[in-house]
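**Student:** Okay, structure incoming, though there's no sequence with it:
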């Protein structure tokens, strides 16, 4: 009894300590808050805490021949920050894309899908225009009108058909897009296009991202190197918003649109479709790849050739890197977690089980609490609807097997398991012992900060 | 600028105030904590805050002829609290049940399913034995051995075949069930069986429930009244545990097991299968109904007769009442929310969409923040995988239509919507405008307390 009492008291004391620290931190935040005269940009910068999982710095992305960028502050929602980016892609480029499967997808997503399906000739070049601050989603018929206004203005300014201008919008939903503000900066954007502008572009598409995301790969083509560089945003929100993931990848590879699309589509399942922050799919997710063909390397014509395989591996590497960066910037994330499912009966089963664990609030809160709670992993396997045999299941944390044959291992050590959970990056392994399919997905923990971001604060 | 600054400062100040209040409350908790000599039961009672959505009191449940209860403190996990309940059901009773669909279900669930499938003669009577504190889940082969020990001891004590003794266990998983402790109290339980013991039984099956749950209905049978009384537990957990829902319903109706099972199965979809707290399905969920046939009313032989319909409606009422009480005791819940989907193409679509909204962390955190964030509802509809047409969708909060025809309504009032969100009980309506199917499900909000319960504290 006495022991239990003292443990409870200890817990409460720890809690009090934490709350005091919070109060103290908030007080210092208050005293350090900028004076009323400070700019909105400063106020914003103040309120953002960089994710503890962020990379040390934005990578040095090389220029991709045939691609230029510019960004501008159009004041779509906030003043004093860049919120529009334009990419011009040289004539002859191939474009491919994958988009959200949401049945309530935004006007710009529907527009991109329609334009890609048109397979317009590439001689005219192409452009991508993206704004943050407003998602132009669930905006009725005015949504498409805004897309036409913005992409039409870019087409005019760059002298290309509107069918080759792709747009994305991310931010508040249900508000009409102030397209005039975006149209107003297009001339300025076209005058400042530069092959070196990719990092600024990555910043311009951020909403509540805590850091810009970039990735790069270089592979050996036939007769020359091929470069692949990409940027992404996700996943944050400002109420009443929703998380959105936008990704743009540029390469100087020479490849037809259909071959590029084929590679993109088959790599998306293991990369961007294998990540989750909170199981909520956006209405605006978009991933566009542009291949300029400016590399010295020969055209990638045979998808089974060595250069094709190398290019696809490089593309996958960039996609995976950006996908992981999105999870690491997941709202409130303090842990980056791989769920590695092996020996499932089928690929579908492996995916279902991995996602069931990755989206389980109980698993995610246990990870936040650094609790080696393998029982919740078992429960998430059980509820997935996929085939599983309780008595064949093996659960590991890192290299440590914690449960097998329907029970925890005889030499299970709570201390060792708990020590492992203190790592920033975790691997939870689930071996089903049924078949040969395997699948990894990536997720983050569910913390108080997630609730803070999504419930306590309103825009 | 100045306005934004002052709003931020205000928010921070409110936050500080809340934290101070928390610190103060915890301090008072600490000073009010019992001296080391106090019992564990007192310590536990102290640490539980009753859900703000709890009913004023446990209902006055009438005795059901042919059913007796007893409960005892066996010390399965904690000393000083009742943790075992026994119900004896008189000879001639019909038993029906529905159970978790988890593929990693607990030994006692598999045992109940097997025993029900055996359709043993009912002349011998039946019994239900339930313990809290240990779920006997993922305990390998020893799990079934423990079930046999416990149900065997009850069978011996009450002189009935083991095939008529049903058991449930809820609590820690992955720990061997200390069945000897349970067996040790069975003699005492059988000596104290009483028709009046149902409220104590409801308390004995609680784990981290904040209140015991009971419900009652009386319907007109042919030639007499029929009584239906039920108890439930759910949904809380103690790490490393998982939420579990256990429900036991008793009636004096005269009905065959197969007719009882049929009614139960068709009512479960709209009641217990239509609630969710955190989308995590337990390995141990069980619902057992016992009909003693002791009512003066004639046997319910024709399921289309008026008395049969009245009985099924009463059964449904008790099931719905208990299901709602489980959601109202959802971990950290401060809001009880009905998601009412209408005019879907099919029942499956209506269910998918309702559950997609009810389980969306973004919708649930918005509700916690009293934020009329209909955009997140639209996004949850979109990701559900069910048929939906953005431009036909109508979203309501209570009686207030907030969005229709692909956009928010022209006279949308943020103030009115926000005022509505302050209610404890909310109805979110989604009219798909596609077909004739409809479905309601019930959920709660996602709050800091959910994270506290599942991440901050470890058992």
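**Tutor:** Nice, I can see it. Remember, it's a predicted structure, so these values are computed and weren't measured experimentally. Numbers count the residues shown, from 1 in each chain, chains lettered A, B, ... in the order given.

**Student:** where does the stretch 1-150 of chain A dip in pLDDT?
**Tutor:** For the stretch 1-150 of chain A, the stretches with pLDDT under 70 are A:1-48.

**Student:** swap the cut-off to 80 and go again
**Tutor:** A:1-49, A:100-105, A:120-122 (pLDDT under 80).

**Student:** looking at it, residue A:351 is touching residue A:385, isn't it?
**Tutor:** No - between residue A:351 and residue A:385 there is no contact under Cβ atoms under 8 Å: 11.4 Å. For the C-beta atoms, the positions are set from N, CA and C on the backbone; glycine is no exception.

**Student:** So which of those two has more stuff around it?
**Tutor:** residue A:351 (22 against 14; other Cβ atoms under 10 Å in any protein chain shown).

**Student:** tell me which element the nearest residue to the more buried one once chain neighbours are set aside falls in.
**Tutor:** Nearest in space to residue A:351, with sequence neighbours left out and distances taken as Cβ to Cβ, 6 or more residues apart in numbering or on different chains, is residue A:439 at 5.1 Å. If you go by DSSP states H and E, residue A:439 is part of strand A:437-444.

**Student:** Show me what that strand packs onto, helices and strands only.
**Tutor:** Applying 3 or more Cβ pairs under 8 Å, 6 or more residues apart in numbering or on different chains; DSSP states H and E, we find strand A:437-444 packed against helix A:306-328, strand A:336-344, helix A:347-358.

**Student:** Show the end-to-end separation of stretch A:263-275, please.
**Tutor:** Taking Cα to Cα, to the nearest Å, the first and last residues of stretch A:263-275 lie 19 Å apart.

**Student:** go on, stretch A:296-315?
**Tutor:** The first residue of stretch A:296-315 is 18 Å away from its last residue (Cα to Cα).

**Student:** Find the centremost residue of chain A, please.
**Tutor:** residue A:326 (3.4 Å; Cα atoms, centre = their mean).

**Student:** Next, the angle from the strand holding residue A:439 to helix A:347-358.
**Tutor:** Angle, strand A:437-444 to helix A:347-358, by axes from the mean of the first three to the mean of the last three Cα atoms, to 10 degrees: 20 degrees.

**Student:** And the next helix or strand past strand A:437-444?
**Tutor:** helix A:448-451.

**Student:** ranges for the strands of the stretch 51-200 of chain A?
**Tutor:** A:67-72, A:84-89, A:94-99, A:126-134, A:165-172 (DSSP state E, counting those that start in this stretch).

**Student:** which of the ones you listed sits most buried?
**Tutor:** Highest mean neighbour count among the strands of the stretch 51-200 of chain A (mean count of other Cβ atoms under 10 Å in any protein chain shown): strand A:165-172, with a mean of 28.

**Student:** What helices and strands are in contact with that one?
**Tutor:** Contact partners of strand A:165-172 among helices and strands, from 3+ Cβ pairs under 8 Å, 6+ apart: helix A:107-118, strand A:126-134, helix A:140-158, strand A:286-291.

**Student:** Output the ones you listed in JSON lines; the columns should cover distance to chain B.
**Tutor:** Formatted as JSON lines, the helices and strands packed on strand A:165-172 follow (distance: least, Cβ to the nearest Cβ, whole Å):
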{"stretch": "helix A:107-118", "distance to chain B": "9"}
{"stretch": "strand A:126-134", "distance to chain B": "12"}
{"stretch": "helix A:140-158", "distance to chain B": "4"}
{"stretch": "strand A:286-291", "distance to chain B": "14"}
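
**Student:** Output those in TSV; the columns should cover distance to residue A:212.
**Tutor:** Output for these, formatted as TSV (distance: least, Cβ to Cβ, whole Å):
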stretch	distance to residue A:212
helix A:107-118	21
strand A:126-134	12
helix A:140-158	22
strand A:286-291	17
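
**Student:** Out of the ones you listed, which is closest to residue B:247?
**Tutor:** Nearest of the helices and strands packed on strand A:165-172 to residue B:247, taken as Cβ to Cβ: helix A:107-118 at 44.1 Å.

**Student:** Check which helices and strands that closest one sits against.
**Tutor:** Packed next to helix A:107-118, using 3+ Cβ pairs under 8 Å, 6+ apart, are strand A:94-99, helix A:140-158, strand A:165-172, strand A:286-291.

**Student:** again, only this time at 7 Å
**Tutor:** For helix A:107-118, the packing partners by 3 or more Cβ pairs under 7 Å, 6 or more residues apart in numbering or on different chains; DSSP states H and E come out as strand A:94-99, helix A:140-158, strand A:165-172.

**Student:** next one: it to chain centre, how far?
**Tutor:** 21 Å (Cα atoms, centre = their mean, to the nearest Å).

**Student:** now stretch A:263-278
**Tutor:** Distance, centroid of stretch A:263-278 to centroid of chain: 10 Å (Cα atoms, centre = their mean).

**Student:** give the contact list for residue A:127.
**Tutor:** Residue A:127 makes contact with A:86, A:87, A:88, A:89, A:154, A:158, A:160, A:164, A:165 under the criterion Cβ atoms under 7 Å, 6 or more residues apart in numbering or on different chains.

**Student:** how about a cut-off of 8 Å?
**Tutor:** Shown in contact with residue A:127 (Cβ atoms under 8 Å, 6 or more residues apart in numbering or on different chains): A:86, A:87, A:88, A:89, A:154, A:155, A:158, A:160, A:164, A:165, A:166.

**Student:** hang on, the earlier thing: now the residue nearest to the centre of chain A: closest residue in space that isn't a chain neighbour?
**Tutor:** Nearest residue to residue A:326, sequence neighbours excluded (Cβ to Cβ, 6+ apart): residue A:234, at 4.3 Å.

**Student:** What confidence value was assigned to that neighbour?
**Tutor:** pLDDT, residue A:234: 75.

**Student:** is it true that it touches residue A:328?
**Tutor:** No - using Cβ under 8 Å, residue A:234 is not in contact with residue A:328; the gap is 10.5 Å.

**Student:** by how many degrees do the strand holding residue A:439 and helix A:306-328 diverge?
**Tutor:** Going by the same axes, to 10 degrees, strand A:437-444 makes 40 degrees with helix A:306-328.

**Student:** Nearest to residue A:82, out of the helices and strands packed on strand A:165-172?
**Tutor:** Across the helices and strands packed on strand A:165-172, residue A:82 has its closest neighbour in strand A:126-134 (8.6 Å, Cβ to Cβ).

**Student:** now that closest one and strand A:165-172, what's the angle there?
**Tutor:** Relative orientation of strand A:126-134 versus strand A:165-172 (the same axes, to 10 degrees): 10 degrees.

**Student:** Poorly predicted segments of the stretch 151-300 of chain A, please.
**Tutor:** For the stretch 151-300 of chain A, the ranges with pLDDT under 80 are A:172-174, A:207-209, A:234-247, A:269-287.

**Student:** Turn the helices and strands packed on strand A:437-444 into a markdown table, columns for mean pLDDT.
**Tutor:** Listed next are the helices and strands packed on strand A:437-444 as a markdown table, based on pLDDT from 0 to 100:
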| stretch | mean pLDDT |
| --- | --- |
| helix A:306-328 | 87 |
| strand A:336-344 | 95 |
| helix A:347-358 | 91 |
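
**Student:** Save the ones you listed as a markdown table, and put in distance to residue A:450 too.
**Tutor:** Listed next are these as a markdown table, based on distance: least, Cβ to Cβ, whole Å:
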| stretch | distance to residue A:450 |
| --- | --- |
| helix A:306-328 | 13 |
| strand A:336-344 | 14 |
| helix A:347-358 | 15 |
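
**Student:** I'd like to know the phi and psi angles of residue A:202, please.
**Tutor:** Backbone torsions for residue A:202, taken as degrees, to the nearest 10, come to phi -60, psi -30.

**Student:** check contacts around it.
**Tutor:** Residue A:202 touches A:58, A:212, A:213, A:214, A:231, A:232, A:233, counting by Cβ under 8 Å, 6+ apart.

**Student:** Go ahead and confirm residue A:367 touches residue A:427.
**Tutor:** No - using Cβ under 8 Å, residue A:367 makes no contact with residue A:427, being 11.7 Å away.
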